[in-house]
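Engineer: Take a look and give me a structure for this.
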Amino acid sequence: MYAAISQWRPRYLDRYRGPLGDVVLATAGVAMVLYVGPTPVHGGTALLAAVCAVLILARRRYPVPVLLTAGAVFMLTTALSRPPDGMFIVAGVLTYSAALASPLRRPWLYAWLMWGSLMVTGSVVYLADWWSTDQFTTFALIFGGAAAGDSIRMRRAYIAEVTERARQAEMNRDEETRRRVMDERLRIARELHDVVAHHITVISVHAGAANHVLRNEPDKVWPVLGHIRTAADTVLEEIKSVISVLRDPDEVRSTEPAPGVDRLQELLAGLRAMGFAVRHRQRGEPRPLPAVVNLAAYRIVQEALTNAHRYGDGDATLDLEYTIDTVSIEVTNRVAGSGGRRPGSGFGLLGMQERAAAAHGTIAAGPVDGGRFRVHAELPTDDRAVNRLNPHGQQLPVHPPVALRDV
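Structural biologist: Here you go, the predicted structure:
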């Protein structure tokens, strides 16, 4: 019912509701000063009524100065003649307005000032007892106005605080949603890059070789095409696996474990089949690694060797070392000339850094002496190494040189 009436009400009424209310209240104040109480209407009463009307109209803009002015006017009126009863009602209204616009605790100070000044003046001029009915009526009107104003002020402040909290919560929720979307995009991009980049490089290299073999030795092109077909089938299967996880993780039917260091030999065999020589050296006793570390180690090796294959001079060295609480990875290769190749996107190096950070490890990539490029990662396998590698919870940045390009 109320909602329907609110919708029917013209919008311009909301704009003029305050001024119209003040006019109505000022008119009522004039009527109360003139006609409420036994005091007959005369010139002084009419002047007091006009002053009260002006004070009521100005109370919203200047609540405290209006209250102080009213106190002085009402004291003077009380001292000169018996005031009309309506004046005390106006005093309660003005005290309400001052309390509504005042900070905490001040409303009661204003009420005490208004009532105290009127009580003292009435007691001195008319020798009235402070416990008389008129004094208690004045007390009730003034302190009732202060209590009403203070209550409404506190309610408005509470509503404003709740509204602000809701706004902040909505902003935080939107920000959290955006952050999660960005995190999910990064995760998808990283997974797709890790899955696709290596095999696409294999396809690219074999396609180039097939073009050369087809012109010179057509009979030997079939093994090369077989490698291309195998790499294409592999990348399609892995893309399907990633997409199935992204659509609904609970409906993934693939039982194939995530790749780890135990599958490095398959990776190296595929690279060697393309004519890319990888010298693999392993130190320390191999042992099962935490799942995150195991996957990060494999992806870092895969990305580093893919870059070395694409932009190196045909060989690379992979050093894998197991220590008491870490596993270290180092891939070095000689950087070939640019040869007109386009620079990479930089996502591969960023992906390696994110993989190392996810495993609480460190990684550094950059050129070293002798025209070589080195990728060195150290991944922790227990909590002691995590604290040692990340004393301040920071991750070493990867600074790719200008001459290096990645997939």
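Engineer: And residue 47, how far from residue 374?
Structural biologist: 97 Å (C-beta to C-beta, to the nearest Å). Where C-beta positions appear, they are placed from N, C-alpha and C, glycine not excepted.
Engineer: Between these two, tell me which one has more neighbours.
Structural biologist: residue 374 (16 against 13; other C-beta atoms under 10 Å).
Engineer: Partner strands of the helix or strand harbouring that one, with direction?
Structural biologist: Take DSSP states H and E as the rule and residue 374 turns out to sit in strand 372-380. Under the criterion DSSP bridges, strand 372-380 sits next to strand 326-334 (antiparallel), strand 362-368 (antiparallel) in its sheet.
Engineer: Tell me how far the residue nearest to the spatial centre of the chain lies from residue 111.
Structural biologist: Nearest residue to the geometric centre of the chain (C-alpha atoms, centre = their mean): residue 175, 3.5 Å. Per C-beta to C-beta, residue 175 is found 45 Å from residue 111.
Engineer: next one: residue 169
Structural biologist: 37 Å.
Engineer: Between those two, which has more neighbouring residues?
Structural biologist: Relative neighbour count places residue 111 above the other of residue 169 and residue 111, with 26 against 10, counting by other C-beta under 10 Å.
Engineer: for residue 186, helix, strand, or coil?
Structural biologist: When classified by DSSP: H, G, I helix; E, B strand; the rest coil, residue 186 comes out as helix.
Engineer: so the closest residue to it other than its chain neighbours is in which element?
Structural biologist: Sequence neighbours aside, residue 354 is the residue nearest to residue 186 in space, at 7.2 Å (criterion: C-beta to C-beta, 6 or more residues apart in numbering). Taking DSSP H and E as the definition, residue 354 sits inside helix 347-358.
Engineer: pretty sure residue 148 is touching residue 96, no?
Structural biologist: Yes - with contact defined as C-beta atoms under 8 Å, residue 148 reaches residue 96; the gap is 5.4 Å.
Engineer: which of those two has more neighbours?
Structural biologist: For residue 148 and residue 96, the more surrounded residue by other C-beta under 10 Å is residue 96, and the numbers stand at 25 against 17.
Engineer: where's the residue nearest to residue 142 when sequence neighbours are not counted, which helix or strand?
Structural biologist: Nearest non-adjacent residue to residue 142, counting by C-beta to C-beta, 6+ apart: residue 115, 4.6 Å away. Following DSSP H and E, the helix or strand that holds residue 115 is helix 106-126.
Engineer: Can you name every helix or strand that that helix contacts?
Structural biologist: Under the contact criterion of 3 or more C-beta pairs under 8 Å, 6 or more residues apart in numbering; DSSP states H and E, helix 106-126 touches helix 63-80, helix 85-100, helix 133-216.
Engineer: Convert the shortest one to PDB, retaining C-alpha atoms only.
Structural biologist: As requested, C-alpha coordinates have been extracted for helix 85-100 and formatted as PDB (Å, rounded to 0.1, in the frame of the first residue of the first chain):
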ATOM      1  CA  ASP A  85       2.100  28.100  26.700                       C
ATOM      2  CA  GLY A  86       2.700  27.600  23.000                       C
ATOM      3  CA  MET A  87       6.100  29.200  23.400                       C
ATOM      4  CA  PHE A  88       7.300  26.200  25.400                       C
ATOM      5  CA  ILE A  89       6.100  23.900  22.600                       C
ATOM      6  CA  VAL A  90       8.200  25.900  20.100                       C
ATOM      7  CA  ALA A  91      11.100  25.600  22.500                       C
ATOM      8  CA  GLY A  92      10.800  21.800  22.400                       C
ATOM      9  CA  VAL A  93      10.700  21.800  18.500                       C
ATOM     10  CA  LEU A  94      13.800  24.000  18.300                       C
ATOM     11  CA  THR A  95      15.600  21.800  20.800                       C
ATOM     12  CA  TYR A  96      14.700  18.800  18.600                       C
ATOM     13  CA  SER A  97      16.200  20.400  15.600                       C
ATOM     14  CA  ALA A  98      19.400  21.300  17.400                       C
ATOM     15  CA  ALA A  99      19.700  17.700  18.800                       C
ATOM     16  CA  LEU A 100      19.200  16.300  15.300                       C
END
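Engineer: Thanks a lot, catch you later.
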